[in-house]
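> Predicted model and sequence below, questions to follow.
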Amino acid sequence: MTTRALVFFALATAILAGCRQPVKIVFPNDGAELDNPVHLVASDPVTWFDGDEKLGEGDHWSGFLAEGNHEIRAVAFGGTARLHLRVRPLFPLGVIAPVPAGYELPEPPDGEYVRVWGRVEEKPAAPIAQGRETSPSLWHRVPLEGRGLGVLGPAPSPSTIAEVMYARVAGLLEEGRPSACGAGCVRQIPGIGLQGDTPPAQRVFKVLDLRGYGYDEVTAELVYQGERTLAYLESGETEAVRNVVAELARVFDDRIQLRVQTAFGRYADVDGNGKVILLFTRRLNASGLAIGFFYPGDLFPASGDLPESNEAEILYLGVPEEGSFNFSPASLAATACHELQHLVNFSHVTLPYAADPNPPLSPVWLNEGLSHLAEDLCGYNTLGGNLAFVARFLEHPWAVSPTSTGADGRGDTVERRGAAYLLLRYALEQAGGVQLAADNNLTGNGLAFTRALMSPNALTLDHIAGRATGVEDGTWLLWRWWWTMVAASLERSGVDVTDRYSWAVYAPIVPDVATGDELGVDLFRGEISLGDYSFSLKGVRFAEDCSAIDLPSGAFCVDWANGPVVEHVQSTNHRLQVMRVR
C-alpha cells in the first residue's frame, strides 16, 4: 500500500471512529441482582468479559455465572462499557428454580433436591404403564367395579361405546342441524308441543343400544314430577323401587339441578316444558358399560337419519339395586349430576352453532373433567367414586396427561379423568373457589370461572388458565398445578412450600351436610372403602428416577436427588424445575 493510501485509510478510520456512538450495555442495569442464567445485551456486537475472563462475542450473551459480585465489560471498536452486577445463589433453599436446557451448568450446591420434570410438547411417547380404559364418551359415566376401575364387560369391537357415541354425534353435526336459539333459551322442535303441567303417565322412549347402532323402545311410568324434573321408571318395577327412584328424582330436582345450574348455567329446553327427564331403565344395569348417559341426538328433531331422537332433554340412568355400589342411590345421584353437566355443556358450546359448517364440540378431556368436577360440587366426591379416579392418577402421574393421550397411547382412561378433575379443581380454586351457602346451594367467586367454560371460546388449556388466573398460558398453569401436588407431599416431610408460594395448595375440604360427603380434595385422605372396592389417597407418587422416563405431553414426574440435579436435561424434550429442600 502506498503512503498516500495509508494516509487515506487512517483518515477514514478516524472519521468513522468519531461518528460511531459509544457502545452501551442495554441490559441489565448497573448494580442489578440477577438469577442464573444471566442474560446480557449490548447496543452493538462486542466481546464480553467477566473481569479478565472472556465470555463470548455478539450483541448478547446468556449463561451461568458464579454466585457473587461481577464486573462485566463489553469491548467493541467504539470503546468499552462496564457494569457491576450480583448473581444470586444457584438453587437457593426453598425456591422453585427452572433449570434451562442448553446451558453448561456449574456444580449446584450440595443438598437434598426435589425435581419436577414436565413435558408440554405434543410427541408420541413409549408405553410405560397401562391405563384402565373407561369406554369413554363425552356423555356417559363409567362404572366402578370391585376388582378395579373401568368397564364391567367387553366393549363392542372394533369401536368402543365412546367411539360409537361420538361418531353418532359427529354425524349429526357433519351436515349442519338447524338451531334457532342461543344457549339456554327455549327452542321448540316442530311437531312437539309444550308438555304443560300434565305430562303423560306412561310414555314410550327410544333408548340407544350401547353395544351397537340401534335402539330399543322402552315403556316407562311417571313416578315423579317436580319443578324442574320429570322421572320415568321402566314398567314392571316394584313399589319399593318406585319409591327409591322418586326420592332420587326429588334430590335431583331440589338440590342437584340448582347446584349444576349455579356452577355451569342453564340447559336448552327443546320440548318447551322447562324440565329435565330422568329415565331409569335396567338396560343400563345389564349393559355393564355405563351407569348413565346423555345423548345429544335427543335435542334434534327425529328424522330418517335420526330415528332415535326423543326430542327432549333426557338423562338415562340405571335402576337402583340393593347391594350394588354402581347402582346405589348415591352413585346414581352422582351420575345424574355428571350427565347434567354434559347437557348444559352441549347446550352452550355446540347446540347454538349446530348449523355451522364446523360446529364446536368440547374436547373429551375437558368435558369429562368438568362432569367429575360437577360431581364434587354436587356433594358426591367420595360417594360417587370420583376420588377413586384421583387415586389411580396419583399412583403413576408420569404415565398420564390430563389433556392428551397417556404413555400407553390411550385417551379417556380413569387415570386421565382423575387428572383432569384435579387440574380443573385447582383452576377453580385459583379463580376464587366455592363455598356452600346457607340454602345449601353454591356460592363463591370461582363460579364465574366454571360458567365461563361453557363457551366455544374456552376450549383450550390457555383459555382455561386465562379465565382462572388472568394469565392465558396453559403451560404456566400446568407447572403451578404440578408443584401444588408436590407441595402437599413436601409439607408432610416438614418442608413448607406454601409460606413462599401461596398458590401451591388445595383449599381445605368442606363438609356437605346434605350428602354426608365433602366438597374438595385432600390428597392425603387415606384409606377409603366403597362397597367391595377400597383405595387410598396418599399423595402423588415419587418416581425412582424421572430422567429415565419419556413423559407424554402434559404429564409430569417428581423424584428426589442428592447433589447434581441436571443430568439428561439437555438431551430430552422434558423441562426441569428443582427446589433445594435441605
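Thanks, I have it.

> State the distance from Leu210 to Ser287.
Computed with CB to CB, to the nearest Å, the distance linking Leu210 and Ser287 is 5 Å. No exception for glycine: its C-beta is placed from N, CA and C like everyone else's.

> quick one, domains of this structure?
Following automatic domain parsing, one finds the domains of the chain at 17-87, 157-361.

> Before we move on, what's the pLDDT of Thr413?
According to the prediction, Thr413 has pLDDT 86.

> Show me the longest strand that occurs in the protein.
strand 38-50 (DSSP state E).

> could you point out which element follows that one?
strand 53-63 (DSSP states H and E).

> Among the domains of the chain, show the one with the smallest mean pLDDT.
Looking at the domains of the chain, the bottom one is domain 157-361 with a mean of 84.

> From the centroid of the chain, which residue is nearest?
Closest residue to the average C-alpha location of the chain: Ala420 at 3.6 Å, with CA atoms, centre = their mean.

> is it true that it touches Asn367?
No: taking contacts as CB atoms under 8 Å, Ala420 lies outside contact range of Asn367: 9.3 Å.

> got the contact list for Phe49?
By CB atoms under 8 Å, 6 or more residues apart in numbering, Phe49 lies in contact with 55, 72-75.

> That one bridge partners, please.
With DSSP bridges as the criterion, Phe49 is bridged to Lys54, Arg73.

> Just the CA atoms of stretch 487-494, as PDB, please.
Extracted as PDB, the C-alpha positions of stretch 487-494 are listed here (Å, rounded to 0.1, in the frame of the first residue of the first chain):
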ATOM      1  CA  ALA A 487     -46.100 -29.300  47.900                       C
ATOM      2  CA  ALA A 488     -48.700 -31.500  49.700                       C
ATOM      3  CA  SER A 489     -46.100 -34.300  49.900                       C
ATOM      4  CA  LEU A 490     -43.300 -31.900  51.000                       C
ATOM      5  CA  GLU A 491     -45.400 -30.500  53.700                       C
ATOM      6  CA  ARG A 492     -45.800 -33.900  55.300                       C
ATOM      7  CA  SER A 493     -42.000 -34.200  55.300                       C
ATOM      8  CA  GLY A 494     -41.600 -30.900  57.100                       C
END
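
> which of the residues in that stretch are buried?
Within stretch 487-494, the residues scored as buried using 16 or more other CB atoms under 10 Å are 487-491.

> do the same with stretch 470-488
Buried, per 16+ other CB under 10 Å, within stretch 470-488: 472, 474, 477-488.

> swap in stretch 249-264?
Buried residues in stretch 249-264, counted by 16+ other CB under 10 Å: 249, 251-253, 255-264.

> how long is it end to end?
Stretch 249-264 has an end-to-end distance of 20 Å (criterion: CA to CA, to the nearest Å).

> and the buried residues of stretch 249-264 as JSON lines, adding secondary structure?
As requested, those are exported to JSON lines (DSSP: H, G, I helix; E, B strand; the rest coil):
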{"residue": "Ala249", "secondary structure": "helix"}
{"residue": "Val251", "secondary structure": "helix"}
{"residue": "Phe252", "secondary structure": "helix"}
{"residue": "Asp253", "secondary structure": "helix"}
{"residue": "Arg255", "secondary structure": "helix"}
{"residue": "Ile256", "secondary structure": "helix"}
{"residue": "Gln257", "secondary structure": "helix"}
{"residue": "Leu258", "secondary structure": "helix"}
{"residue": "Arg259", "secondary structure": "helix"}
{"residue": "Val260", "secondary structure": "helix"}
{"residue": "Gln261", "secondary structure": "helix"}
{"residue": "Thr262", "secondary structure": "helix"}
{"residue": "Ala263", "secondary structure": "helix"}
{"residue": "Phe264", "secondary structure": "helix"}
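
> Kindly tell me how buried Arg228 is, as a neighbour count.
Number of residues near Arg228 (other CB atoms under 10 Å) recorded here: 15.

> before we move on, back to that, residues contacting the residue nearest to the centre of the chain?
Residues in contact with Ala420 (CB under 8 Å, 6+ apart) are 365-366, 368-369, 372, 402-403.

> Asn358 should be in a strand, yeah?
No: secondary structure of Asn358 (three-state DSSP): coil, not part of a strand.

> Next one: the nearest residue to Thr469 once chain neighbours are set aside from Ala465, what distance?
Nearest non-adjacent residue to Thr469, counting by CB to CB, 6 or more residues apart in numbering: Gln430, 5.3 Å away. Going from Gln430 to Ala465 by CB to CB gives 9 Å.

> Strands of the stretch 201-350 of the chain, start to end?
Using DSSP state E, counting those that start in this stretch, the strands of the stretch 201-350 of the chain run over 202-208, 215-225, 229-234, 276-280, 292-294, 314-317.

> closest one to Asn440 among those?
strand 229-234 (16.9 Å; CB to CB).

> May I see the buried residues of that closest one?
If you call a residue buried by 16+ other CB under 10 Å, then strand 229-234 has these buried ones: 229-234.

> strands paired with it, and their directions?
Strand 229-234 has the following strand partners under DSSP bridges: strand 215-225 (antiparallel), strand 276-280 (parallel).

> winner for burial among these?
Greatest average neighbour count among the strands paired with strand 229-234 goes to strand 276-280 (a mean of 26), per mean count of other CB atoms under 10 Å.

> Report the distance from that one to the chain centre.
29 Å (CA atoms, centre = their mean, to the nearest Å).

> Please apply the same query to stretch 432-439.
Worked out by CA atoms, centre = their mean, stretch 432-439 lies 22 Å from the chain centre.

> Just the CA trace of that stretch, in PDB.
The C-alpha atoms that make up stretch 432-439 are tabulated as PDB, following Å, rounded to 0.1, in the frame of the first residue of the first chain:
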ATOM      1  CA  GLY A 432     -61.800 -17.800  43.800                       C
ATOM      2  CA  GLY A 433     -63.200 -21.200  44.900                       C
ATOM      3  CA  VAL A 434     -66.600 -22.200  46.000                       C
ATOM      4  CA  GLN A 435     -68.400 -22.500  49.300                       C
ATOM      5  CA  LEU A 436     -71.800 -23.800  50.400                       C
ATOM      6  CA  ALA A 437     -74.400 -21.100  51.100                       C
ATOM      7  CA  ALA A 438     -77.000 -21.200  53.900                       C
ATOM      8  CA  ASP A 439     -79.600 -22.500  51.400                       C
END
